[in-house]
Every structure is written in structure tokens, then in C-alpha cells.
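>>> no sequence on this one, just coordinates:
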């Protein structure tokens, strides 16, 4: 138990390591802060420092969209207020501004004159953006318009190079939000050396693509495992989770999938994100249920799955302005599901003391933290630069848990195989004499019967029975009787060793032995049987109670047949037993043979 707890701690550290590896947390506490719509960066060394976040107070103009014609009018008038960036425009308690409408943000950046090779990194802005630089239109994501019917969502990350100038730089961004619950510049805008901006963006895409590739491969791996073993439902659910995480992370953070598919609209991107989040809730529940079904109530699955599926269908067919009103309900369902899962697993651990449950709980907590960061990172001064990284870490962690479970199963199988071999050894070897048991002889005879029936070869069977052995046991005792059986088996083995060595000796029952000759004719069987009878008699084991001789003797019955697929091995056993009965009936201490037609061929003593 201590060792298992150590393993759980070790892999909680593993989980934390990958979280730190997958997260690139950027703190901007040391950066200059914009005040009253202005940011002073004069004297700042852009070449020797990281990117600068344009965080702080931006001039905010409500119900205004900037155009080349009205740009100077907006610039020269007092703003309606100064709004904090990054944030949604209605989050402050004194904003008094509706969540939906149009607005323009404006920031004046003062730098040293004629600085070369600067660039902005404009993040994805909810839900669209129209960007002007010093009054010149630069780009537009989606379509910014005061008419809700004409406003369209957009998505993307832009790098905008700056021309050297003598005066300050004025960045203006207009937004029309008639689509989402909230709108605004909800992620930090950066400025820095152009090479550094491009370098950071390129490496971010590289890492995001790497992690996304890992998610896709892990998902396909688990799907393949499920297709090979359909009873492993947990493999199906975790493969679906991987593919959902691939889609969720691919359209968040660096939006690597948007780089691959630039034609995807902002509204379609939002639909895909919220559909994957909605479908992840029931999939996560079913994954936990398939792993630890005895700790979960099946009824809860019906409580969670239908609402999540219905919501995902609503997201699919309804516009963003409609379904975004119900996101809070979906988030509440997700939180409730997570709490239920954690409580049930804790109760399950308390009952079963299964350390694997603790490991799974650690992964669930890690995933929830990831989802929370993925949803609210845009409202913090810390951002998650690679959501795919932490999701990949979660599924690598789950992969370890499954590998650990498979490894434990393989070890159990190895132990069972070892025990099975021991049991087979016990059942295939006679414990008294050390020769083959009746169980093994039956299997060997059946296999030889099938082979010889195809090869059209004869098969022979010899049954050897000690004469009047009951009287021997009664007179000399069971211990001496066992010694006699052992000695007779050794004498028969010596006789067989002098023949071709392909014949198998087995203890048939009690004082009775059987010899399977896989390819022998009548004459060979006679010689072998007579050699056995003579060897036992000539050894002279004392038997004063015998009605046949003063020494131990044996009666021998032999059978030789050409096997066919229409008959089974019991046929030759029956013939050999009839021959043995004939040998005893005719005075014992003799060899008798029968053909398959139950006709005596010969008898001799």
C-alpha cells in the first residue's frame, strides 16, 4: 500500500510537471501601464526585452465605429470613459454600458522617434475587430457594423508591422457585439521588436501544433484499441475526449487550426468550441462510469447526457446570439458533473481503497483547471499560451494510467499462467508414479487420433492391469501397494525405452496402466505387451495372496486400429478394455488382443 501511495505522489508530480511544461504563463506586472488612454514607452529597449503588453486604461467611445472620415473627430473629442484592457467592456461595476452594442477603443503610444522594426501582436478579439493605425485602416476580422443583421463574427491573430514615425502611435479598434454575451478587447495586445513578435508567434504555433498532433494521435490510438476490443468502452470515450480536446484547443489560444483552415468563419469557430465543450461533459461522465461503474449511479448519466446533447444541437443550428444566452446553464451542468464525479470517486476510494481512483481524481482535477483557464484566461493578467499543451498533458497522464492498468493486468496474467502451468503439471503428471496422468493421456490420444486419421496410419493402445491387486493391498498394506505400483511403472518404462521411444506411458486408473503407440501394427504391439508382462513377472515381486502366481503378474489387453474422423478415441479404449477383460477371463498373466470388430485375434501366456 505504501508503494502504491508513493506511485500516486510521483505521478501527481508528473502531472504538475506537464502542466508547467504545457503552460507558458506571461506576467505583465513589471510592464508600463496605460493611463487615461496613453502609454509612455519612451526610452524602452525593445530589442533587449520581451514583448510589452498594452494593458491599462484605453479611451473608450460607446456607440461609435471608427472610419477614415471620422477618425480625427473621435481622436479630438473626450472619450465616454477609460476602459480597462484586457477585459470585457461591461465588467466594471460603474460601466453602465450594455453588453451588446458597438464601441471603439483607442490608445496613444509614445515611443522614441523613428524606431525601426516594431510590430503589434493583435489577439483574437470577441467577437470581431476593425483595426486602424494612425487613422489608416489596417485590417478587419468579421464585419463590424452598427446594424445587428450586418455585423459578423471574426477570428484570428494578426501581426501588424509599424512604419518608423516621429510622433506617437495611435491604435484604434472598433467592435460590434451583437453575438456574444460579452464583448471587448478581452486579451492583451502586444508591441515589440518585429523579429521577436514573429519569433514568439511562430514558436507558439509550433508548440501548439505539436501538442495538437499528440492529442490526435492519442485519440486515434485509443479508437484503434476500442475497434480491436469492443468491450473496452473506456477506450471509446477517452478517444472521443481526445478528439474533442483537439478541436477545443485547436481553435483556442494560438488557434493553430485557424491557420490550417483560414476560411472558417468566426461564428463556425465559436460553434465548434462550444459544441466540443458541451459534448465533453457527457463523454467525461461516461468515461468515469466505464472505468468505475460500481461507484456511479447509472441514472445520473441520463440526467447529464440529454441536456448536453440537446445544447450541442442547439449550438449547431442556432445563431451565436441565441445559444450564448444559455452558456451559464451549460457551465453549471459541467461544474455539477465535475463535483458529482469527484464526490463519487472519493466515496469509492473510501470503500475500496483503490489507489488508481486517486490517480484518476488527480487527472480530473488537472483537466478542470485546464478547462477553467481555457475559458477565463482572457479575463486575467495571466494567459495560457498553449491550451493544447495542458490538454495533451492530461491525456498523457490518462495514457499512463491505462498503461499502468494494462501492465498490472499483464502481470496478473503472467502469474495466472504460472499457476496454470503448475496446475497443468499437477493434472498432467501422476503424483505417485511421476508418469503421465489419465487427463494428459486422453488429450494425447485425441491429438494422435486426429493426426493418424488424416495420415492414414494405425494407432495402438495397450492396457496393463496388475492381477489380484486388491488382495495384495489387503495383505501387504497400502504403503507397500503404492511401492508396488511405482516399481511396476518403472519396469514398464524400462521396456518402452528399449523400443522406439515414441510410445507414451500413463497411469490409466488405480493399478492399471496404458501405453499409447502412435504408429504400430499388431505384431509390434504383441512384442511390446509380452515384454511388459515378462518384465513384471521376472522381477519377482512377492505376492503370496495371488491366485495366479507367487509373484506379481499383469494381464495385458491390446488394440490396434486405423482411426477415422467419424469415430473418437473412446473406440480404441473400449476395444483395449475388452481385450484386457478377455485376458483376465482366460486366467490372467497373459496378453490378449481384439480387433475393432470385437473378435479375439490371439491369446498367449
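All right, it came through fine. Computed from a predicted model, the values in this text were never measured in an experiment.
>>> isn't residue 446 right up against residue 570?
No. Residue 446 lies out of contact with residue 570 (C-beta atoms under 8 Å); the separation is 9.6 Å. Every C-beta, even on glycine, is put in place using the N, C-alpha and C of the backbone.
>>> Can you list the helices and strands that the helix or strand hosting residue 490 packs against?
Per DSSP states H and E, residue 490 falls inside helix 478-497. If you count contacts as 3 or more C-beta pairs under 8 Å, 6 or more residues apart in numbering; DSSP states H and E, helix 478-497 packs onto strand 459-466, helix 469-476, strand 504-509, strand 512-517, helix 522-539.
>>> Quick check: which of the ones you listed is nearest to residue 46?
Each of these has some distance to residue 46 by C-beta to C-beta; the shortest is strand 504-509, at 89.6 Å.
>>> now the closest one, how far from the chain's geometric center?
Centroid separation between strand 504-509 and its chain, computed with C-alpha atoms, centre = their mean, to the nearest Å, is 50 Å.
>>> Check which residues of that strand are buried.
If you call a residue buried by 16 or more other C-beta atoms under 10 Å, then strand 504-509 has these buried ones: 504-508.
>>> Could you export those as TSV, including distance to residue 453?
Rendered in TSV, the data for these read as follows (distance: C-beta to C-beta, whole Å):
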residue	distance to residue 453
504	18
505	23
506	21
507	26
508	22
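>>> Report the rounded mean pLDDT for stretch 195-203.
Across stretch 195-203, pLDDT averages out at 90.
>>> again but with stretch 267-279, I slipped
According to the model, stretch 267-279 has a mean pLDDT of 87.
>>> which other residues reach it?
127, 152-153, 155, 179-180, 240, 244-245, 247-248, 251-252, 255, 258, 308-309, 311-312, 315-316, 319-320, 323, 327, 330, 334, 371 (C-beta atoms under 8 Å, 6 or more residues apart in numbering).
>>> Narrow these to just the buried residues.
Applying 16+ other C-beta under 10 Å to the contacts of stretch 267-279 flags 127, 152-153, 155, 179-180, 240, 244-245, 247-248, 251-252, 255, 258, 308, 311-312, 315, 320, 323, 327, 330, 334, 371 as buried.
>>> Let's see which of these end up in helices.
Judged by DSSP state H, the subset of the buried ones among the contacts of stretch 267-279 located in helices is 240, 244-245, 247-248, 251, 258, 308, 311-312, 315, 320, 323, 327, 330, 334, 371.
>>> which secondary element of this protein has the worst mean pLDDT?
strand 600-604 (a mean of 42; mean pLDDT, DSSP states H and E).
>>> pLDDT weak spots in the stretch 151-300 of the chain?
By pLDDT under 70, the stretch 151-300 of the chain has no low-scoring segment.
>>> which of the residues in the helix or strand where residue 208 lies are buried?
Assigned by DSSP H and E, residue 208 belongs to helix 194-228. Residues of helix 194-228 classed as buried: 194, 196-197, 200-201, 204-205, 207-209, 211-212, 214-216, 218-219, 221-223, 225-226 (neighbour count, 16+ other C-beta under 10 Å).
>>> packing partners for it?
strand 118-122, strand 158-162, helix 233-251, helix 256-260, helix 387-428.
>>> Quick one: mean pLDDT over the last one.
Mean pLDDT, computed over helix 387-428, is 68.
>>> What are the contacting residues of whichever helix or strand comes after it?
Counting by DSSP H and E, the next helix or strand C-terminal to helix 387-428 is helix 438-455. If you take C-beta under 8 Å, 6+ apart as the criterion, helix 438-455 is touched by 427-429, 436, 457-459, 461, 504, 506-509, 514, 516, 518-519, 562-565, 568-569, 572-573.
>>> now those residues: which count as buried?
For the contacts of helix 438-455, a burial check counting by 16+ other C-beta under 10 Å picks out 428-429, 436, 458-459, 461, 504, 506-508, 514, 516, 518-519, 563, 569, 572-573.
>>> quick one: secondary structure of residue 132?
strand (DSSP: H, G, I helix; E, B strand; the rest coil).
>>> who touches it in this structure?
The contact partners of residue 132, by C-beta under 8 Å, 6+ apart, come to 66, 68, 71, 138, 171-174.
>>> Model confidence score at the residue lying closest to residue 322 once chain neighbours are set aside, please.
Closest residue to residue 322 apart from its sequence neighbours, by C-beta to C-beta, 6 or more residues apart in numbering: residue 314 at 7.7 Å. We have a pLDDT of 90 for residue 314.
>>> cool, the one 5 residues further on as well?
Note for residue 319: predicted pLDDT of 86.
>>> Residue 525 now?
91.
>>> what do you get for the one 10 residues further on?
Model confidence at residue 535, given as pLDDT, is 94.
>>> OK, contacts around it?
With C-beta under 8 Å, 6+ apart, residue 535 has these contacts: 491-492, 494-495.
>>> If we use 10 Å, what do you get?
Contacts for residue 535 (C-beta atoms under 10 Å, 6 or more residues apart in numbering) come out as 488, 490-492, 494-495, 498, 554.
>>> Residue 498 too?
528, 531, 535.
>>> The second one and residue 495 touch, don't they?
Which is residue 531. Yes. Residue 531 is in contact with residue 495 according to C-beta atoms under 10 Å; the separation is 4.8 Å.
>>> which intervals of the stretch 401-550 of the chain have sub-threshold pLDDT?
Applying pLDDT under 70 to the stretch 401-550 of the chain picks out residues 404-405, 409, 413, 416-417, 420-427, 500-501.
>>> again, 50 this time
In the predicted model, the stretch 401-550 of the chain carries no residue with pLDDT under 50.
>>> Brilliant, that's me finished.
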